[in-house]
Every structure is written in C-alpha cells, then in structure tokens.
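Q: Sequence first, predicted model second:
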Amino acid sequence: MGFPVIGNMLMMDKLTHRGLAKLANKYGGILHLKMGSGTLSSFQARKQADMAFSDYGPFWRQMRKLCVMKLFSRKRAESWDSIRDEVDGMISFVAKNISGSEVNVGELVFGLTRNIIYRAAFGASCSLGQDEFIRIMQEFSKLFGEFNIADFVPWLSWVDPHGLTDRLVKARASLDGFIDNIIDDHLEKKKCLKNVLVGDMVDELLAFYSEDETQVTEYDDLQNAMKLTRDNIKAIIMDVMFGGTETVASAIEWTMAELMRSPEDLKKVQAELDKVVGLDKKIEESDFDKLPYLKCCLKETLRLHPPIPLLLHETAEATEVSGYYIPAKSRIVINAWAIGHDTNSWEDPDSFKPFRFLKESVLDFKGNHFEFIPFGSGRRSCPEMQLGLYALEVAHLLHCFTWKLPSGMKPSELDMSDVFGLTSPRATRLVSVPTPRLICPLH
Ligand code: HEM
C-alpha cells in the first residue's frame, strides 16, 4: 500500500536490482509500485537533453542499428584495423611498462574500450579532444543517475536543490560545441576530398545529413528518404558512446575477476587458447569461433553480472501480462539481474560455473530465451547483440599475459560486490599482476 500523492516513493532506496529481487521474492515476479502522483512517463533529463534514451520509433531504431552494425561488423576492415591498433598499443604498453607490477585492470579496460569506441565514432584524427568529450559524458552520466523529484511529482518541478536544470543546459551546450566542431571538420574533409571513402561513424551519419531542420519521417527506402538533423546525429553518437563503453568495460572487468577467483577455469581458458592459437602468436579474428570454453565464461559472466541490470522501458499501449492489466505509458522495469539468478531457471545460480553453457548450448543471448537476457529482448534490445568487442579484449588479455592476484591475496578474498547505477560495475576495482606468456615479442 502506498501513501496518497507520493505512493511508494519512500521505497526509493529499495529500487536496485537486488532490492527489487527481494521484493519479487516476497510479492511475486510481477509487481506494481506507485511512484508519485502522475503517470511517470518521462525523465526530466530526457526532455531537456533530448537524446540518449529517446523514442523516435522505427526510423530511429533502424538508423541506430545501421550505425552500430556498420561500426563493429566483422566485415568492416577500417574498424578492425583501428581496434587492432588500440589493442596492440595496450598490450605493448603493459608488456613494456607495467609487466610484473600491480595493474588496475578496471581502469585499463575502461580506457581501452573508450579509445576504441571513440575512434570508431569520430576517427583517429579527433583524439586531441578526447579528454573534453569524456568530461562531458561523465557529466551526462551523473545527471542521468540523479534523482529528480519532478520526474515523480511534476508540480514540484520548481524544487531543484542540486541545480540539475542548470547543469543539463551547460552540459548540452558543451556537447553541442564539441560535436558541431567534429561535424564541421568532417563536412570540410568531404568537400575537399569528393570521393572520400566512408571512414568513421560521423561519416556514416553525414551520408543522411540535411541542413533542413524539419522533423524526420519514416519511409521504407532508407537511403533515399532518411534525413538526419545535427541533433539526431548528436543523439545517436551519445547512445553509442553510452551504450558501448561502460557495458563492455564492466563485462570485461567482471570476467577477469571471476576467472581470478576461479583459477581452474582460468587454466582451462588459457589451455584452450594455447591449443587453438599457440604461444607463438597473438589472436586473430578467425580464432574466435574456435574458443568454446572462453565463450562459456563470457556468457556465465553476463548471467551473473549483466552490465545493465535493470532494463527501463515504457509501454506504448495498454496490455495484459499473466492476467494483470498494464496501462499505456507505464514505466516498466525488467530485472535482468534477478532473471539470471532465478533458482527456477538455474541450478546453484550464485556460483560461477561456465561449463553449464557447454551443456545448455541451445541457450543463446539473443533474447529468445527469457531466462538469459543480458542484451535485452525484442525491439529495444541491444543493436550490438554479440560478444564482439567484449570477447576480443578478454581473449587478448588472457592470451598475452599470465594474471596473478597481488602478493598474499587469495582468490576467495576478492571483493565481488557491485554498485548500482545505469550499469552495475564492481564496487572495488580489480587489481592484478600481469606477466607476458607468449614467446613472440609483445612490443
Ligand atoms: C557486453 C556488451 C553489451 C551488453 C551486455 C549490452 C547490453 C545492452 C542492453 C541490456 C541494452 C538495453 C536493452 C533494453 O532496454 O531492453 C542495450 C542497449 C543499447 N546498446 Fe548495448 N550492450 C553491449 C554492448 C554495446 C555496444 C558495444 C554498443 C555500441 C557500440 C551498444 C549500443 C547500444 C545502444 C545504442 C543501445 C540502445 C538501443 C535502443 O534503445 O534501442 N551496446 N545494450
């Protein structure tokens, strides 16, 4: 039972993936909470920033999918060249400078993933502005996570103790300036080199750019009819940067931590790498399909630690689920974390047991099996629904280096707690000591 006006808002602190799982244990798998007075259809951040998490319908989804897929499709040689460059740079840096000493694995993989995605989005020549862009993204990330009373009780929108509105306007202005410069540079380059090959994501998007700011419409013929405004381009870039960086980095750090805590599994993965790739060379793209145990470890990590633990949706229409009426415009929270820990679907669900995916190989992560939905399911699922970048970075780290915990630390002493947010990374960063294990030079 909620209170008048505020409903169940006093339970706000329980609305984490773990808190909601506890409530589901008590009240059942589908539960309804009333937050505030009105229909809770939109975040203020969304209205003001008008970008990440937008709902532009089928046109928008198609465009975003196109970009993401083109960015990291296996066929796209430019992307793979730049990924290889960044990964080689990281491996060489570790081998040369920090081999044998303690490394903050979390920071290492976060930096690498961000560099790869930034470069795929903006091209190699834009790396100078990267620090500024990261600062803007961090501010947006904080703002999306802030609690804003006006989201729940609209008539209290004048209460803004943390100055959210002001911060959003400033962040939006910085982002406008930053991306406008990048778009102008790309347009200039296109003018000078008439037949320039499409290179990065901005080039891809500019193929649909129109100065005409009238709102886009939906057509079947993508190439002829689609028009993107500058704002659309900014929104897609932000979605890809947000969607692709923290998710991948967090998944990699969790995989490394689970394997450090389970030396037997680590040994098995590295034995598989030795057999398939060999100690005399680095991994190549063609090796990835031949590493089933590594794939099991990646999937098992996504089951235990889905990078986005709560999927946030909104019903477009009224519907009925298991006999419950759900009105249009309801906010829906799907607890992907709780689903991966459900005792009805998983034996010993809290333990890291990668071999379960050898047996249950029919279970994929494409959203067809509702007991395992780390990438979501259906229309709004992740457009980059593949192990791609995540598998690649983990495989390189495990193949090139032997990883040990800092001296005196036992695997069982590793802190495995998480923090709740838009993503759910480790509460304490993983620290390990790498030493080269290949017989070929790493730098
Ligand atoms: C291990 C890696 C990844 C995981 C586990 C993951 C997971 C997810 C999940 C759970 C969603 C939300 C689905 C929903 O709301 O139902 C999502 C959305 C999204 N992801 Fe990923 N993701 C990953 C990697 C990436 C990468 C590398 C990119 C881009 C380069 C990306 C771009 C996006 C975008 C743009 C969306 C928004 C889709 C929409 O709103 O229609 N993701 N992802």
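A: Perfect, thanks for sending it. Numbers count the residues shown, from 1 in each chain.
Q: Next one: the residue lying farthest from the centre of the chain from Met35, what distance?
A: No residue in the chain has its C-alpha farther from the mean C-alpha position than Pro4, which lies at 37.3 Å (CA atoms, centre = their mean). Between Pro4 and Met35 the computed distance is 13 Å (CB to CB, to the nearest Å). Backbone N, C-alpha and C define where each C-beta goes, glycine included.
Q: what's the answer for Gln138, then?
A: 27 Å.
Q: Who has more neighbours out of those two?
A: Under the criterion of other CB atoms under 10 Å, the comparison of Gln138 against Met35 puts Met35 first, with 18 against 11.
Q: Close to the ligand: what parts of this protein are there?
A: Within the chain, the positions lying close to the ligand (CB under 6 Å from any ligand atom) are 61, 64, 68, 71, 117, 239-240, 243-244, 247-248, 251, 302, 307-308, 311, 374-376, 380-384, 389-390.
Q: what sits up against the helix or strand hosting Ile334?
A: Secondary structure assigned from DSSP states H and E places Ile334 in strand 331-335. For strand 331-335, the external contacting residues (CB atoms under 8 Å, 6 or more residues apart in numbering) are 15, 17, 20-21, 24, 35, 40-41, 309-315, 326, 373, 376.
Q: how about the helices in the stretch 51-200 of the chain?
A: Across the stretch 51-200 of the chain, reading from the start of the chain, the helices by DSSP state H, counting those that start in this stretch fall at 58-72, 77-93, 105-122, 130-145, 149-152, 164-192.
Q: ditto for the stretch 301-443 of the chain
A: Across the stretch 301-443 of the chain, reading from the start of the chain, the helices by DSSP H, counting those that start in this stretch fall at 336-340, 356-359, 388-400.
Q: Where among the ones you listed is average confidence lowest?
A: Of all these, helix 356-359 carries the lowest average pLDDT, namely a mean of 87.
Q: now for that helix, which elements pack on it?
A: Helices and strands in packing contact with helix 356-359 are listed as helix 292-304; criterion 3 or more CB pairs under 8 Å, 6 or more residues apart in numbering; DSSP states H and E.
Q: next one: the helix it packs on to chain centre, how far?
A: Relative to the chain's own centre, helix 292-304 is displaced by 17 Å; criterion: CA atoms, centre = their mean, to the nearest Å.
Q: Next, the angle from it to helix 388-400.
A: Counting by axes from the mean of the first three to the mean of the last three CA atoms, to 10 degrees, helix 292-304 lies at 120 degrees to helix 388-400.
Q: Which strands or helices does helix 292-304 pack on?
A: Counting by 3+ CB pairs under 8 Å, 6+ apart, the elements that helix 292-304 packs against turn out to be helix 230-261, helix 263-276, helix 336-340, helix 356-359, helix 388-400.
Q: before we move on, back to that, of the residues of the chain next to the ligand, just the buried ones, PyMOL syntax please.
A: Selection command for PyMOL covering only the buried members of these, criterion 16 or more other CB atoms under 10 Å:
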select buried, resi 64+68+71+117+239+240+243+244+247+248+251+302+307+308+311+374+375+376+381+382+383+384+389+390
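Q: got the contact list for Glu371?
A: Contacts here follow CB under 8 Å, 6+ apart; on that basis Glu371 touches Ile339, Gly340, Asp342, Ser345, Trp346, Leu363.
Q: which of those residues count as buried?
A: Burial by neighbour count, judged by 16+ other CB under 10 Å, picks out Ile339, Gly340, Trp346, Leu363 from the contacts of Glu371.
Q: between those residues, which is nearest Thr428?
A: For those, the minimum distance to Thr428 (CB to CB) is 21.7 Å, reached by Gly340.
Q: where's that closest one relative to the ligand, distance?
A: Distance, Gly340 to the ligand, by CB to the nearest ligand atom, to the nearest Å: 11 Å.
Q: wait, isn't that residue in contact with Phe370?
A: No: in this structure, Gly340 is not within contact of Phe370 by CB atoms under 8 Å, at 10.9 Å.
Q: give me the residue from the stretch 1-150 of the chain nearest the ligand.
A: With CB to the nearest ligand atom as the measure, the residue in the stretch 1-150 of the chain that lies nearest the ligand is Val68; the distance is 4.7 Å.
Q: Just list whatever residues bridge to Tyr324.
A: Note on Tyr324: beta-bridge partners Val321, judged by DSSP bridges.
Q: was I right about it contacting Ile30?
A: Yes: assessed by CB under 8 Å, Tyr324 is found in contact with Ile30 at 5.8 Å.
Q: Any stretches of this protein with poor pLDDT?
A: Along the chain, the model assigns pLDDT under 70 to residues 5-6, 9-13, 36-60, 72-80, 124-128, 144-162, 193-198, 212-226, 360-362.
Q: can you tell me which residues contact the residue nearest the centre of it?
A: The geometric centre of the chain, computed from its C-alpha atoms, lies nearest to Thr247 (CA atoms, centre = their mean), at 2.7 Å. Contacts for Thr247 were tallied using CB under 8 Å, 6+ apart; they are Pro307, Ile308, Cys382, Thr423.
Q: Tell me which two of the residues you listed sit farthest apart.
A: In the contacts of Thr247, the most distant members under the criterion CB to CB are Cys382 and Thr423, with 12.6 Å between them.
Q: will you turn the helices and strands packed on helix 292-304 into TSV that also has distance to Ala121?
A: Written out in TSV, the entries for the helices and strands packed on helix 292-304 read as follows (distance: least, CB to CB, whole Å):
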stretch	distance to Ala121
helix 230-261	6
helix 263-276	30
helix 336-340	26
helix 356-359	32
helix 388-400	13
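Q: Out of those helices, the one nearest Glu320 is which?
A: From the helices and strands packed on helix 292-304, taking CB to CB, the stretch that ends up closest is helix 336-340, at 20.6 Å.
Q: Report the buried residues of stretch 8-24.
A: Counting neighbours by 16+ other CB under 10 Å, stretch 8-24 gives Asn8, Met9, Leu15, Thr16, His17, Arg18, Leu20, Ala21, Leu23, Ala24 as buried.
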